[in-house]
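Any chance you can model this:
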Amino acid sequence: MSRAGAGPRIRAVAPAPARAWLRAAAGLRAAVAALALLAALAAAPAVAGLPETPRPRQLTVADGLPSNTINRIAEDRHGYLWIATSEGLARYDGTGYRIWQREQGLRDNFVWTVHVDARNRVWVGTAQGGMAMLDAQRKRWTYFDRSNTPILDDDCVWSIVSTADGALWFGTERGGLYRMGEDGQIQRFMPRAGDPRSLPGEGVVALSVAPDGGLWVGTRDGAARWTGRDFERVPAGALKSNILNSIGFERDGAVWFGTTGGVGLRTPDGRYRADPWSAFASKYAVMDVLARDRAGQYWFDLPQGLGVGGVDGIEVVPLFSATSQGLVRPNWSGAYEDREGGLWFGSNGHGLWYLPPNWRQFSVLIRRVDDPASMANGYVRGIAPAGDGDMWLVGSGGALDKLDPETGAIAHVAKGFSGGIVLYHVLADRRGKVWTTWYGGLARIDPATRAIRTWHMDRGEDRAITGSVDLVESGELVWLIGSAGEVQARDGEGRVRETLHAGERGLPANVVIPFGGHGPDGSLWLSAGSALLRWDDAERRFVPVPGLAPGGAIQSFVFADGQRMWLGGFGTLDAYRWDGKRLHRDFGLDVRDGLPATEVRGLAVDANGLVWMTSKRGLVRVDPYARTARVYGVKDGLPSQEFARAPVARPGDGRLLIGSPEGLVLFDPAMVKPSRAAPTLIVESIEVRRGSRKVAFPTEDADPRKALPGRVPSVFVADGDRDLRIVARLLSFNNSQNNRYRFRLSRFDPGWVDVGASGERVFSQLSPGDYRLQVMAKTADNVWSPPLTVQLRVDSPWWWSWWAVAAAMALLALLLAWILMAHRNRLQRRLAWQRAEHEREVAKQASLAKTRFLATLGHEVRTPMTGVLGMSELLLDTPLDQKQRGYTESIRRAGEHLLRLVNDALDLARIESGKLELAHEPFDLRALVAQAADLMRPLAQQRGLAFEVEVAANVPRGLRGDASRVCQVLLNLLGNAIKFTDSGTVGLRVERLTPQGVRFEVSDTGPGLNEEQKQRLFRRFEQAEGARTAARYGGSGLGLAISQELAAAMEGEIAVYSEPGHGARFVFDLPLSNAEPPAGAGADGGARAVARPHAGPLAILLVEDDATVAEVIAGLLRTHGHRVTHVGNGLAALAEVATARFDIALLDLDLPGINGLDLARQLRTQGFAQPLVAVTARADADAEPQAAQAGFDRFLRKPVTGAMLADAIDELIVARRGEA
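Predicted coordinates for the structure are as follows:
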C-alpha cells in the first residue's frame, strides 16, 4: 500500500505530509481480517498438481460502479456487497448496483469507509460530511457531524468498526478516535502529551477487531491496542514506519501491520518483526498483505501489481483490463473475502476486481507475445499425450510445443514446417514419433533428433489427403480421417497402406465424417451421419455397427471401458452397452436434463464415470447417475466457452486439457464439482403502483434482531393497487448471471413459473383474497434454495368490507321495503289512474252528453223561442192598449232572459269541450266601447245611476281579436255593476296596457264584497250571497264565470278589488296586438252606424218545417214589404225554384228528408245564384262553417228578430247589387 499516495483524489483531500500513507488508508480496513501468521503456515499446494493461474475479473463504471476508485468493501447479513467509492456508496447483488449519492441522502459523495454492524445497519464515513447510518430497511439516513453532534471535531471519517459489546468506534483525520455506545453516548479519545497509554495520534487510519475481540487502532503516529481502559502502544522502532495503512490478523492471534515502510508482524507471543518478507525483497518488495484466503494463500500488494503465494515464493498475477486494453498494475486499497470464498480487490483508479471462489478448478495457459516462454500457439487445436507424462500441443501458431502439466512450462520443439498454416491435430505413436496435420499437409517429427518429414496433397509420393484431417493410431497403422469423407492409413514410416474415398469399401458418399476413434477392440471406428462404422481388417472395409437406435447425426463418441459407450448428438447423450457383436441402448439424456441444445464437439469420461462434453456453449459436466448437467463458461474461470475439440486426458492422473481460442484449459475432473451449498435467497423489494406513485413494502422485520432467515413480513395490498412487483435476489456472486428463479402464487398459478435470470415477477391485478407467494432460486450448480414464502392479502373494495356489506344488506332491506311500497304505491297509482281514467271517460261521456243535451236543448228551446219572441215582436207592432203592451213586453223580456241562459250554457259547453272558436280580426276599440256604453247607459239611467265613460288618449284605436267576445265580457261586467248598485255611479275607464293591449276598468258604488264573496264570485252558478242574491237581483250566476273563461281564452284576466261598503272595481286586462281599424269606422269612435240602403220588396223563399216558426219569420219579413213563399221541405223548395224566381232564400238546416245543407248544395248545383241564408236553431260550433261550405252566404241562429232578418237581407242584396 505504499503506492497508495499516488491516488489523485487522495492527494486532493490529504495534507501534504500524509499523502503517501493516506492512499493506503482509503479502503484497507476489515478486508484483511483473515490474514494469518506467515511463519506458522505453509503455502497451500496446487490443486492436483496443476499450475495456478488466477484470473480476476474487473468491474468498473462501465458495469455500473459509481467510481473506479474503491476505498472500502463490506458485506451485510444477507450477503450484499457494500462498496465505498470516491463518488458514492454502491450495493452489489451479483447482477446490478444500487447507488447512494447526494441525491439519495448522502451528505458527501466521497465515501472513505463502510461498515455493517450486528444489527445490519450500514455505517459510512465521508470526506466532508461526517458519518451517516442507513437503517436496516435501507430507507432512512441518520447523520452524525459537527452540526448536530457537538463532541465531533472533524467531519472527515476514515475508519469505522464495531465491537462485540455493541459499541461503534470511528476514527477521523484530525479529530481522534470516538466510541459510540448502544445508548448513543459518544466518548472521544485523543493523544495526550507525556501519556504513553493514550491514543498514539489524532489521525486514525485503521480500526480492526482481532479474533479475541480486542480493538487495534492504526494512526499516523503508530498503532495501539485498546485494553478496555487505555491504549497499549506498539513499541517505537518495532515497525519500519509509524504511518499505518492497515491492520490484519491470523487465527492464532498474530497481527499484521501495513505501513508506508512495509509490512510488520506481531507474533502470538508478543514479539515484533519489522520485515517478515525480507527473503523476497530482492525480487518483490511486499508493500502490504491484502488478504489470506481460506486455502491459506496470501495476496500481496506489490510494486508489480497483485501478488499471490507464500513461504515457497511469490508470483505476480497478470491483470488484463478491458478498459485499458492491456495489462495493468493497479494501486490497491484493500481486499475482502466474501462468505462464498470469493476475493474482492479494491483499487485506486482501476475499479473492483473479483476472483470467484472456484478459480483454482481451472488452470489457463495463454500465449503472451512479450513472453517467449509462453505457448507458441494462441489457439491450441490439437493435444496429444507424450510418453513421459507431458502433452504435445499444436495450433494457430503452426508450432509443436511440449507442455509440462505440473508446472505449466512450455518447450518449443518445432515450427515453420507447415509454412505458417494452422496445425489441426497431433498424435504421438507408439514409437514416440509425433504426427501432425494441416490443411493439405502431414508431418512426422522425431522429438529426439528434431527431424521432420512432410507430405503434401499436391506433390511427392504418398500424398496427403485434403481437409481437416484427424489422426488415430490403430495397431501398426496411423489413420488419417478427412472430414470430406476420405480415409487413409499409413505405416510407421509414413507410407500409404490404404486409401478409401467416399463411397468406397463401406464409406458412405456425400457424408461428413466428424469424428474417428478407437473401438473396444482397438480397431478404428467412424461416425458417419446417423451411423457408426467399424474397420474390418479381414475384409479390408468399413462395416456398420449394429444396435444403434434411430436418431439424429452422431457427432462424437467415446468408450469408457470395454463395454460402456457414449454417443453425443445435437443436445443428446446416449449410453450404450457393447456385447462384442452389437450395441444395446441403456438410457439417454437431453435438454430436459440440462444439456445445451447445440452440437457436441467431443466427449471424455473421467475415472468416476462422469462424462465431459465440449460444445460451442461451454464445457458440460454430465453426471449420468444423477441425470444432471452443469455447463461451465467464462464466468466459471474458463477463458472461452467455444470449444472445437474433445477434452484430452493426461495418462496416469486423468487430468483433462482442452484448447480454446483464448487459451489452453487444464483441470482435474475430480476437483471440478458443483457446489452443494444452499444459496441465500432474499426478497429485495416488493412494491405496487398506487395511483401515480409507487409504494414499497418492508421485506424484513423493522427490528433486525427479530428477523428470521427466509421470513418476509406479510404484505397487504390495498384495493385499487396495481402492478404488484416482487424482486428476488440470490446473493451468490459466483456466476450470478446463470442464477435462475421461479415463482408460484397460490390461487393464481397452476405450477411453478420460471422467470429466468431476472428474478422479477409482476402481477398486474389480483382479485381480493389471501395468497401465498413462493420463490425459489437455482445457482449455476443447479442447487435450489429453500422456498421463501410471502403472505399476500389483497383487500377487497370498500363495498366488500363488513360494514359495507352490513350497510348494503340494510340498504337491500330498505330497497326491498321501498320496492314493496313502490309496488303498492304503483298499484294504488294504477288503480287511481284507472279510476281517474274511468272518471275522465265518464266525465267525457257526461260532457259529451251534456254538450249534446245542451245543443239539443238549445235547438229545442230556440225553435219555440223564435215563435214566442217573434210573436211578441209582431204583437207589439199591432195597436195595443197599455195593459196589453205591458203583458207583451213581459213576455218578450222573459223570452230574452231565457235565451241568455241558453246562450250562456252553450258557451260553457263550448269552453269545456275546447271548441270555443275566437275570431282574430281587426276591430275599432273606440266604436266597441261606444256601442257597449250606448247599450248599458239606458239601463243605468232606469235605476237612477250615473254612468261615466272615460277613454284615455293613448288607447289604440284598432286591436286584433274577437270583438263580439270582448263586447260580451264588457257587457257582463257593466250589467253586473248596474244590477248590484242601488245608488251612485257606474263607471267605465279604458287605458292602454303595456307593452300592448288594453285595460278595461269597471267600477261601481255598490255594497262591495268581502273575501269569501270574492272567492266565490267567478264560480259557476254562484252569486255573492247565494240564493239571497238570486232572489233579490235575479240571474243565473254564469255571467262572471263565462267572462273569466273568455278572458282566459283571449290570454287576458279579470281581477276584482273590493271591500264591503266601498263598492267594487273589476279590472279586465286584454293583451291584444295593435291593428288598423276596419274601414268605415267613425272617426270619432262613436257607435252610430251608417244608414244602409234598403233592399226594397223582394221575393223570398222560406223553407221551414215548423209552422209556427215559419209563420213568425214570414210575418216579420212581410212587415218589411217582402213577398214570402213558404215550403215545409227540400223537395218542395226545389220544385218552387224550378217554377218561380226568388231574390233570396232562407233555409232551415234541420229539414225532413233533404236537410238544409244538402238542399243548399242541390240548389247551387241547379244554378241558383241568389243569396242563401241559413236560419237554424243549432247551437254547435261546427254548424256555421258547415253552412259556409254548403254554399250559404249568411248564417242566423234562432230566434231571430225582424231587425236581424232585415239587416242580413239588406246587406246581402246590396252587396250583390254592388257586385253587379
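
Domain boundaries for this structure, per the record?
Following automatic domain parsing, one gets these domains for the chain: 2-358, 428-645, 681-796, 811-909, 917-1070, 1099-1219.

Can you say which of the ones you listed is packed in most?
Ranked by mean neighbour count under mean count of other Cβ atoms under 10 Å, those are led by domain 2-358, which reaches a mean of 20. To be clear about C-beta, it is placed using only N, CA and C from the backbone, and glycine gets the same treatment.

Quick check: mean pLDDT of that one?
Summarised as a single mean, pLDDT over domain 2-358 is 85.

picking that back up, in TSV: the domains of the chain, plus distance to Gly416.
Listed next are those as TSV, based on distance: least, Cβ to Cβ, whole Å:
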stretch	distance to Gly416
domain 2-358	27
domain 428-645	9
domain 681-796	41
domain 811-909	99
domain 917-1070	126
domain 1099-1219	135
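
Of those domains, which is nearest Arg381?
Nearest to Arg381, of all the domains of the chain, is domain 428-645, at 6.8 Å by Cβ to Cβ.

Hmm, Gln996 is touching Leu1072, no?
Yes - using Cβ atoms under 8 Å, Gln996 is in contact with Leu1072, at 7.1 Å.

For Val622, give the beta-bridge partners.
Going by DSSP bridges, Val622 is paired in beta bridges with Val611, Ala629.

And it, how far from Ser556?
13 Å (Cβ to Cβ, to the nearest Å).

Please settle this for me: is Val1124 part of a helix?
No - secondary structure assignment (DSSP: H, G, I helix; E, B strand; the rest coil) places Val1124 in strand, not in a helix.

can you tell me how far it sits from Leu1146?
9 Å.

if I look at those two, which residues touch both of them?
1100, 1102, 1113 (Cβ atoms under 8 Å, 6 or more residues apart in numbering).

Hmm, which of the residues you listed is lowest in pLDDT?
Lowest confidence among those: Ile1113, with 88.

next one: phi and psi at that residue?
When quoted as degrees, to the nearest 10, the phi and psi of Ile1113 stand at phi -60, psi -40.

any idea how far the residue lying closest to it once chain neighbours are set aside is from Glu1076?
Distances taken as Cβ to Cβ, 6 or more residues apart in numbering place Leu1102 nearest to Ile1113, at 6.0 Å, with adjacent residues excluded. Plainly put, Leu1102 is 40 Å away from Glu1076 if you go by Cβ to Cβ.

next one: Pro647
Separation of Pro647 from Glu1076 (Cβ to Cβ) stands at 126 Å.

Pro318 is in contact with Gly307, correct?
No - look at Gly307 against Pro318 with Cβ under 8 Å: they stay out of range, at 11.3 Å.

Give the rounded mean pLDDT of the longest helix seen in the chain.
Identified as the longest helix of the chain according to DSSP state H is helix 802-876. The average pLDDT for helix 802-876 rounds to 79.

same question, stretch 404-416
Mean pLDDT, stretch 404-416: 93.

can I get the CA coordinates of it in CSV?
Extracted C-alpha coordinates of stretch 404-416, given in CSV (Å, rounded to 0.1, in the frame of the first residue of the first chain):
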residue,chain,number,x,y,z
ASP,A,404,4.6,-29.9,-18.5
PRO,A,405,1.1,-30.0,-16.9
GLU,A,406,2.6,-29.9,-13.4
THR,A,407,4.4,-26.6,-13.8
GLY,A,408,2.9,-25.2,-17.0
ALA,A,409,6.4,-25.0,-18.5
ILE,A,410,6.5,-24.9,-22.3
ALA,A,411,9.2,-26.4,-24.6
HIS,A,412,9.1,-25.2,-28.2
VAL,A,413,10.0,-28.3,-30.3
ALA,A,414,9.4,-27.4,-33.9
LYS,A,415,7.8,-24.7,-36.0
GLY,A,416,7.7,-23.4,-39.6
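
Which residues belonging to it are considered buried?
Buried residues in stretch 404-416, defined by neighbour count with 16 or more other Cβ atoms under 10 Å: 405-406, 408, 410, 413-415.

between these, which is closest to Glu1184?
Using Cβ to Cβ, the buried residues of stretch 404-416 come closest to Glu1184 at Gly408, 136.2 Å.

Not counting its neighbours along the chain, what's nearest the closest one?
Gly408 sits nearest to Pro51 (Cβ to Cβ, 6+ apart), 3.4 Å away.

tell me the contacts of the one you found?
Contacts for Pro51 (Cβ under 8 Å, 6+ apart) come out as 363, 365, 405-408, 666.

7 Å instead?
363, 407-408 (Cβ atoms under 7 Å, 6 or more residues apart in numbering).

just Thr994 next, same as before
Taking Cβ under 7 Å, 6+ apart as the definition, Thr994 has no contacts.

Confirm that it sits in a helix.
No - counting by three-state DSSP, one finds Thr994 to be coil, located in no helix.

where's it relative to Asp1069, distance?
From Thr994 to Asp1069 the distance is 10 Å (Cβ to Cβ).

in the sheet, who's paired with the closest residue to Asp586 other than its chain neighbours?
Excluding its sequence neighbours, the residue lying closest to Asp586 (Cβ to Cβ, 6+ apart) is Ala575, at 4.7 Å. Per DSSP bridges, the residues bridged to Ala575 are Trp566, Phe587.

Ala575 and Val611: what is the separation?
9 Å.

Overlap of the contact sets of these two?
The contact sets of Ala575 and Val611 overlap at 566, 624 (Cβ under 7 Å, 6+ apart).

On the three-state scheme, Asn645 is what?
If you look again at residue 645, you'll see it is Arg, not Asn. Here Arg645 is coil, with the state taken from three-state DSSP.

ok, it touching Ala604?
No - in this structure, Arg645 is not within contact of Ala604 by Cβ atoms under 7 Å, at 10.5 Å.

pLDDT below threshold where in the stretch 601-750 of the chain?
701-711 (pLDDT under 70).

Go again with 80.
Low-confidence segments of the stretch 601-750 of the chain (pLDDT under 80): 700-711.

in it, which spans are helices?
With DSSP state H, counting those that start in this stretch as the criterion, the stretch 601-750 of the chain has no helices.

Do a quick rundown of the strands in it.
Per DSSP state E, counting those that start in this stretch, the stretch 601-750 of the chain carries strands over the ranges 602-605, 611-615, 618-623, 628-632, 648-649, 656-660, 663-667, 681-690, 693-697, 715-717, 722-730, 740-745.

try the stretch 851-1000 of the chain
Counting by DSSP E, counting those that start in this stretch, the strands of the stretch 851-1000 of the chain are 921-924, 946-951, 958-961, 985-992, 998-1004.
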